[in-house]
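A.B. asks: Prediction below, plus the sequence it came from.
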Amino acid sequence: MSRRPLTATTALATTALAALLIALGGCAALAGPTAEDRAAWRAWFEQAMEAGGGIATGAAFSAPDDATPVDVSPAQPYRAVELRCDGTDRATFTLTYTGTGEATTVTQEIVCHQGGALTPIAIPIAVGDLTRFAASATSPDGEGYWVAALQK
């Protein structure tokens, strides 16, 4: 059996195959969040809810109580809502404000920044004093937790 010399094409194909195998091995390691990841997200969520400063709502992205409304009694003026999320890169929030003025629903997409505090989103002035607030959120991968906290 004779050996053929290694050509540039053969060397390139061998290198590409090796890179593909390494990449596939790396993908196996990125199969999804671990139990430790999920426990850390849950701990973040519980801490964020406790620190909500009065009225906060939130859930895991797959939670069935995602849009449970919060009644505000008596009606009170709130200036903003702080949206936070952890365990995913992005989230899309749907926020429904009902007040002494009008009811309105807005959608807001945010980058999660691993649960870090973000610039609060202003509540529309036309809502007036808030009587009810509902929030829901989705993420592209359905992972992680979200929190929406009203601010005075």
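C.D. replies: Received the coordinates, thanks. Numbers count the residues shown, from 1 in each chain.

A.B. asks: Surely C85 is in a helix?
C.D. replies: No. Counting by DSSP: H, G, I helix; E, B strand; the rest coil, C85 is not part of a helix but strand.

A.B. asks: Distance-wise, check it relative to P77.
C.D. replies: Distance, C85 to P77, using CB to CB, to the nearest Å: 26 Å. Glycine gets a C-beta too; all of them are placed from N, C-alpha and C.

A.B. asks: between these two, who's got more neighbours?
C.D. replies: C85 (32 against 13; other CB atoms under 10 Å).

A.B. asks: Give me the pLDDT value at that one.
C.D. replies: At C85, the pLDDT value in this model is 92.

A.B. asks: I'd like to check which residues are in contact with it.
C.D. replies: A91, I110, C112, G115, A137, S139, G144, Y145, W146, V147 (CB atoms under 8 Å, 6 or more residues apart in numbering).

A.B. asks: Shouldn't the second one be within a strand?
C.D. replies: Right, I110. Yes. In this structure, I110 lies within a strand as judged by three-state DSSP.

A.B. asks: Hmm, T88 and it touching each other?
C.D. replies: No. I110 is not in contact with T88 according to CB atoms under 8 Å; the separation is 10.6 Å.

A.B. asks: Comparing the two, which residue is more hemmed in?
C.D. replies: Neighbours around I110 and T88, counted as other CB under 10 Å, are more numerous at T88. The numbers are 22 against 17.

A.B. asks: Any chance of the backbone angles for T119?
C.D. replies: Main-chain dihedrals, T119, degrees, to the nearest 10: phi -60, psi 130.

A.B. asks: could you pull out the strands for the protein?
C.D. replies: Counting by DSSP state E, the segments of the chain that form strands are 56-60, 70-76, 80-86, 90-99, 103-111, 121-122, 130-138, 145-151.

A.B. asks: where are the low-confidence patches of the chain?
C.D. replies: Across the chain, the ranges flagged by pLDDT under 70 are 1-30, 52-54, 63-67.

A.B. asks: tell me the contacts of G101?
C.D. replies: Here G101 is in contact with I125, A126, V127, G128, D129 (CB under 8 Å, 6+ apart).
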